[in-house]
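Student: requesting a structural model of the entry that follows:
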Amino acid sequence: MSRPWSPLERMGAVGVGVVALLMAWSVLRVPVVSVDGRTLWGLHARVLHDAGGYPAPELLDPGFPIPHRQYPPLLPWLDAIALRVLPVDPALRLVPWLFYLAIIGLLLAELPRRDPECGRLLALAYALLPTLLLSEEGGADAGVADTVLGAWVVGAALLLDLGRPLGAGLCAGAAALTKNEGLVLGPLLVASALLRCGGARWRLRPAALAGAAFAVLVLPWLWLRADLPAGFDERYASRLTWDRLAAGLERAPDIAIEMVRVGFLHPQRAGLFWWMVVALWAASSRRAAALLDGRLFILPAYVAILVLVYLVSPWPGVTQVQLSFERLLLQLAPLALLGLTRSEGQPIIPI
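Tutor: Residues are numbered from 1 along each chain as shown. Below you'll find the model as predicted:
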């Protein structure tokens, strides 16, 4: 039986309820102003809605001016479904907002079971992240994909904790079909099944099952994507060469400093969230368990890959860090909270 809610928890829940109501009004009444939400995800959704299938003829036409025509199609598919019953702006805002609510529900259901003392507060801390509430380029109702990707990532991790590698692989595949970053986070999640899947540790079978489910979803889309004409795209994978990495090393200190600023020093972005995550992990006597059993190793591994991408970015200086890193951190936030607790119900964080 769960314990009663504390005054602080009730105050946080009231805050989340007020925020949810304000976001519902925003979804229904406020036009999408995010550049990516309108000109990328929204445009893809509209052409898929008009075509009634994927790939839309516009994506196959090299003369049609559409950005990132090879981007993953899952969010535009979902937006296209919403467009059947809603006007454009509410439809584009609705889908990511529903995933945000789903993450809150999952965390409020799961984290208190794992950590009765701190679980609710951790879930509420995610729900009130400033970027999710305030940013028109990365917010939960901004019409972009990062919250959706974060939902698939935390869903895959939770299913691995429950010993369900096939479902986890499907969620990891959905992450890859949501955003290109899912092609990195998905395999990292699959690999984490080697460390633990349910009660099993250091076994190949769960990772193989998760990998097979991931491949079943992702490989057909990669095959379809290969037939799409090249369009405006940074194509970071092709830019990861030794020469470009060496040329980018001179801006590595600036990139690292800017990433720290975005994650820790800009209250209008992450607030104190990542300070909390790092402090709770550092104060724990079970830091290694959190990194391995809790899959927190995915966070530094992913950030290290992002550093390499920023080194070869065609954007000048630290511009791309400033434009993207706060949104990329949203993809990791629910996973970070899940990793600070143990699925067996014993808290990793100190009480």
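
Student: which residues does the helix or strand containing S238 contact?
Tutor: Take DSSP states H and E as the rule and S238 turns out to sit in helix 236-239. With contact meaning Cβ atoms under 8 Å, 6 or more residues apart in numbering, helix 236-239 is reached by 309, 312-314. C-betas here are computed from N, CA, C, even on glycine.

Student: so of the residues you listed, which ones are in helices?
Tutor: V309 (DSSP state H).

Student: E258: which of the contacts of helix 236-239 is nearest?
Tutor: When the contacts of helix 236-239 are compared for distance to E258 (Cβ to Cβ), S313 wins out at 12.0 Å.

Student: with distance to P116 and pLDDT added, can I get the contacts of helix 236-239 in a markdown table?
Tutor: Below are these laid out as a markdown table (distance: Cβ to Cβ, whole Å; pLDDT from 0 to 100):
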| residue | distance to P116 | pLDDT |
| --- | --- | --- |
| V309 | 39 | 94 |
| V312 | 46 | 92 |
| S313 | 44 | 89 |
| P314 | 49 | 87 |
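
Student: of all the contacts of helix 236-239, which two lie farthest apart?
Tutor: V309 and P314 (11.0 Å).

Student: the two: which has the busier surroundings?
Tutor: Using other Cβ atoms under 10 Å, the more surrounded residue of V309 and P314 is V309, with 20 against 11.

Student: quick one: residues contacting the more buried one.
Tutor: Contacts of V309 (Cβ under 8 Å, 6+ apart): 236, 240.

Student: 6 Å - rerun?
Tutor: Y236 (Cβ atoms under 6 Å, 6 or more residues apart in numbering).

Student: got a pLDDT number for A125?
Tutor: Confidence at A125, expressed as pLDDT, is 96.

Student: what helix or strand is it on?
Tutor: Assigned by DSSP H and E, A125 falls in helix 119-127.

Student: I'd like to know how many residues surround R203.
Tutor: By other Cβ under 10 Å, 15 other residues sit near R203.

Student: relative to F273, how far out is it?
Tutor: According to Cβ to Cβ, to the nearest Å, R203 and F273 sit 34 Å apart.

Student: now for the lengthiest helix in the chain, which elements pack on it?
Tutor: Looking across the chain with DSSP H, the single longest helix is helix 88-114. With contacts taken as 3 or more Cβ pairs under 6 Å, 6 or more residues apart in numbering; DSSP states H and E, helix 88-114 sits against helix 7-29, helix 74-83, helix 119-127, helix 146-161.

Student: using JSON lines, please lay out the ones you listed together with distance to A215 and mean neighbour count.
Tutor: Formatted as JSON lines, these follow (distance: least, Cβ to Cβ, whole Å; neighbours: other Cβ atoms under 10 Å):
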{"stretch": "helix 7-29", "distance to A215": "35", "mean neighbour count": "14"}
{"stretch": "helix 74-83", "distance to A215": "16", "mean neighbour count": "22"}
{"stretch": "helix 119-127", "distance to A215": "30", "mean neighbour count": "22"}
{"stretch": "helix 146-161", "distance to A215": "14", "mean neighbour count": "27"}
